[in-house]
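# here is a sequence with its predicted model. Questions after.
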Amino acid sequence: MSTKARILEVAAALVAESPDGDVSTRAVCDAAGVGAPALYRHFGDKEGLLSAVVDHGWDRYLATKRHRTPGTDPVQDLRDGWDTHTEFALQNPNLYRLMNSPAMRTPPAAAQESHQILTSDLQRAAEQGKLRLAPELAAQMIMSANVGVALMLVSRPATFTDGTVSRRVRDAVHAAVFTPDVMDSRTASGSRTASGSRTASGPDAEGARVPATAARLNALLRQTTPPTLTPAETTLLTEWLNRLSNE
């Protein structure tokens, strides 16, 4: 193992074991058996070292997502993705707080990759007519809620003691971004159709129809640009569909 890798592993272990999630460069050097010049040569300063620990943490987190095979139901993939996110936070509380610390000057590229994976799953949901918002807006809502509830669980465990809170927040946010028929099929509500599937009815379902249709059309158009439209017309159509889907 290289000196740099040893320093990084030791720093990550000390962060995990620290009562407050903080470590000193002296403690890292002592545990790694290196002098301060070696640490500064590889990482620049303490912030550089912690940034490397954050990158290491994101790589561990994304290992659960990068090589997975998407299922046929993107909604279930998104539910599972929320749960694995929360589970990672609970298993790595200090690292998770560091990964989402506002004190980090430069957000890691892996954080954007995580957001793109989420948006891709939502894009698949939109293509199937299951999304009532544009994928980009839905991704912002889901990510902010998931990170928020996970941070509360690891930062204030004495207050957030209900083990179902993450699932409840997940379902509440999903109810806001998915079409009513999707949520009805998962809560065993709605009425049976002749084919045996569940369908939603009422004002909420009617109100979601236009946004969901706009989101689906927008997602499908991204796969194949209509040859009859100019680039300017395509841009304008995308803007209109985004506005309709996010209304």
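Received the coordinates, thanks. No experiment lies behind these values; they were computed from the predicted model shown.

# what about the helices in this protein?
3-17, 25-32, 36-43, 46-62, 74-91, 93-99, 109-127, 135-155, 165-177, 180-187, 203-223, 231-245 (DSSP state H).

# in a markdown table: these, plus distance to Arg68, mean pLDDT and mean neighbour count.
(Glycine included, C-beta is placed from N, CA and C.) Formatted as a markdown table, these follow (distance: least, CB to CB, whole Å; pLDDT from 0 to 100; neighbours: other CB atoms under 10 Å):
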| stretch | distance to Arg68 | mean pLDDT | mean neighbour count |
| --- | --- | --- | --- |
| helix 3-17 | 24 | 91 | 18 |
| helix 25-32 | 33 | 93 | 17 |
| helix 36-43 | 31 | 92 | 16 |
| helix 46-62 | 10 | 88 | 18 |
| helix 74-91 | 8 | 94 | 18 |
| helix 93-99 | 20 | 90 | 21 |
| helix 109-127 | 9 | 91 | 19 |
| helix 135-155 | 17 | 95 | 19 |
| helix 165-177 | 18 | 94 | 17 |
| helix 180-187 | 21 | 72 | 18 |
| helix 203-223 | 21 | 70 | 17 |
| helix 231-245 | 27 | 81 | 14 |
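
# quick one, what contacts the spatially closest residue to Val154 that is not a sequence neighbour?
The shortest distance from Val154 to any non-neighbouring residue, by CB to CB, 6 or more residues apart in numbering, is to Pro93 (3.8 Å). By CB atoms under 8 Å, 6 or more residues apart in numbering, the contact list for Pro93 reads Gly21, Val154, Ser155.

# quick one, what contacts the residue nearest to the spatial centre of the chain?
Of all residues in the chain, the one closest to the mean position by CA atoms, centre = their mean is Met143, 4.4 Å from it. Going by CB under 8 Å, 6+ apart, Met143 touches Ser114, His115, Leu118.

# which of those lies closest to Pro70?
Nearest to Pro70, judged by CB to CB, of those is Leu118 at 12.4 Å.

# could you check how far the closest one is from Met1?
Distance, Leu118 to Met1, using CB to CB, to the nearest Å: 33 Å.

# give the residue farthest from the middle of this structure.
The chain, farthest from centre, CA atoms, centre = their mean: Gly35 at 38.2 Å.

# and the residue nearest to that residue when sequence neighbours are not counted, what does it touch?
Nearest residue to Gly35, sequence neighbours excluded (CB to CB, 6+ apart): Cys29, at 6.3 Å. The contact partners of Cys29, taken as CB under 8 Å, 6+ apart, are Ile7, Gly35, Ala36, Ala38, Leu39.

# for the second one, phi and psi?
Spelled out, it's Gly35. The phi/psi pair for Gly35 (degrees, to the nearest 10) reads phi -90, psi 160.

# so it versus Arg41, what's the distance?
Taking CB to CB, one finds Gly35 at 10 Å from Arg41.
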